[in-house]
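A.B. asks: Could you work out the structure for the sequence below:
(chains A, B, C and D)
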Protein chains: 2
Amino acid sequence: MHCELTAHMFKAMAHPVRVFLLDKLSVRPWCVCELAAEAGVDKSVASKHLSMLREAGLVESTRRGTQIEYSLSAPCVLELASCAEGTVLTNRKKSLGINPDSEAQGNAR
Amino acid sequence: MHCELTAHMFKAMAHPVRVFLLDKLSVRPWCVCELAAEAGVDKSVASKHLSMLREAGLVESTRRGTQIEYSLSAPCVLELASCAEGTVLTNRKKSLGINPDSEAQGNAR
DNA sequence: TGCCATGTTTCCATTTTCGGCAACTATTCA
DNA sequence: TGAATAGTTGCCGAAAATGGAAACATGGCA
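C.D. replies: Below is the predicted model:
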């Protein structure tokens, strides 16, 4: 177990906007401006989040003319997210009585 | 996709010590003092990290006399962590030429 | 070449995280 | 009850993360 590396990977996914971006990228490749608009953040912010994901080895980028296309490079990561999400939702429901659908979602929906 | 909730869960796992704790807990339940000693951190630090993991729904705790036993409540998370780790290691190796075994590990080994 | 669209990087202020220490709580046992 | 063991919480300063704005870099096109 590479604790440092694993923690670094989780840190890359530990932000609502970055989860949102990964979710979008699981459907198809997107350019930065599209993703920024979808996420409702400045392009510089989207660019920085995408850099983090790329640095962590989760996404890849390719230039397409004036724009840069980002795509998912570790599809299994998303499966991890949904599986873990399901588990945690179940645990929260049964142990705390929290309704998981009542959470605030902000921009990153 | 619950971006906020998912990000919160990943944030709980986004620290070397917490990854280390989850890895330990995947083997068997441990009390705080044992985990603190294993991780090489103060018991207050271990306690705080474990609180975060519990709050995220990843671990559970039960009192056993004077000590409190923590156990994994979302085993699937660890399995998929290693899967994702493998994917990321492969991607890093092929795209950046980085040797994944050369990383510093600190206390959280 | 000059202009425009797309991204990245830098700077800065604010917020959050982190670890160690001390104080406080809870349980066991003499 | 008093002491010892095990955990938790509050406080503090240091370090890291975040977002917005501006400057800078790249590629396409008239």
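
A.B. asks: Just the helices from chain A, written as ranges.
C.D. replies: Along chain A, the segments classed as helices by DSSP state H run A:3-12, A:16-25, A:32-39, A:43-55, A:76-96.

A.B. asks: Let's have the ones you listed in TSV, adding mean neighbour count.
C.D. replies: C-betas here are computed from N, CA, C, even on glycine. Shown next, in TSV, are the helices of chain A (neighbours: other C-beta atoms under 10 Å in any protein chain shown):
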stretch	mean neighbour count
helix A:3-12	22
helix A:16-25	23
helix A:32-39	17
helix A:43-55	17
helix A:76-96	17
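
A.B. asks: okay, those helices in a markdown table with mean pLDDT and distance to B:Val45 next?
C.D. replies: Formatted as a markdown table, the helices of chain A follow (pLDDT from 0 to 100; distance: least, C-beta to C-beta, whole Å):
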| stretch | mean pLDDT | distance to B:Val45 |
| --- | --- | --- |
| helix A:3-12 | 92 | 15 |
| helix A:16-25 | 96 | 26 |
| helix A:32-39 | 97 | 34 |
| helix A:43-55 | 97 | 26 |
| helix A:76-96 | 68 | 23 |
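
A.B. asks: quick one: which of those helices is nearest DNA strand D?
C.D. replies: With C-beta to the nearest atom of the strand as the measure, helix A:43-55 is the member of the helices of chain A nearest DNA strand D (3.9 Å).

A.B. asks: Could you list the residues of chain A in contact with DNA strand D?
C.D. replies: Proximity of chain A to DNA strand D (C-beta under 7 Å from any atom of the strand) is limited to residues A:11, A:14-15, A:17, A:41-42, A:44-45, A:48-49, A:52, A:63, A:65-66.

A.B. asks: dump the residue contacts of A:Pro29.
C.D. replies: A:69-71 (C-beta atoms under 8 Å, 6 or more residues apart in numbering or on different chains).

A.B. asks: let me fix that: A:Leu72
C.D. replies: A:22, A:25-26, A:58-60, A:78.

A.B. asks: Skipping adjacent residues, who's closest to it in space?
C.D. replies: If the residues on either side of it in the chain are set aside, A:Leu72 comes closest to A:Leu25, at 4.4 Å by C-beta to C-beta, 6 or more residues apart in numbering or on different chains.

A.B. asks: residues in contact with that neighbour?
C.D. replies: A:59, A:70-72.

A.B. asks: okay, among the residues you listed, which ones form the most distant pair?
C.D. replies: Using C-beta to C-beta, those reach their maximum pairwise distance at A:Tyr70 and A:Leu72, which is 8.3 Å.

A.B. asks: So A:Ala46 is in contact with A:Leu21, correct?
C.D. replies: Yes - with contact defined as C-beta atoms under 8 Å, A:Ala46 reaches A:Leu21; the gap is 7.4 Å.

A.B. asks: and which of the contacts of A:Leu25 is nearest to DNA strand C?
C.D. replies: A:Tyr70 (7.8 Å).
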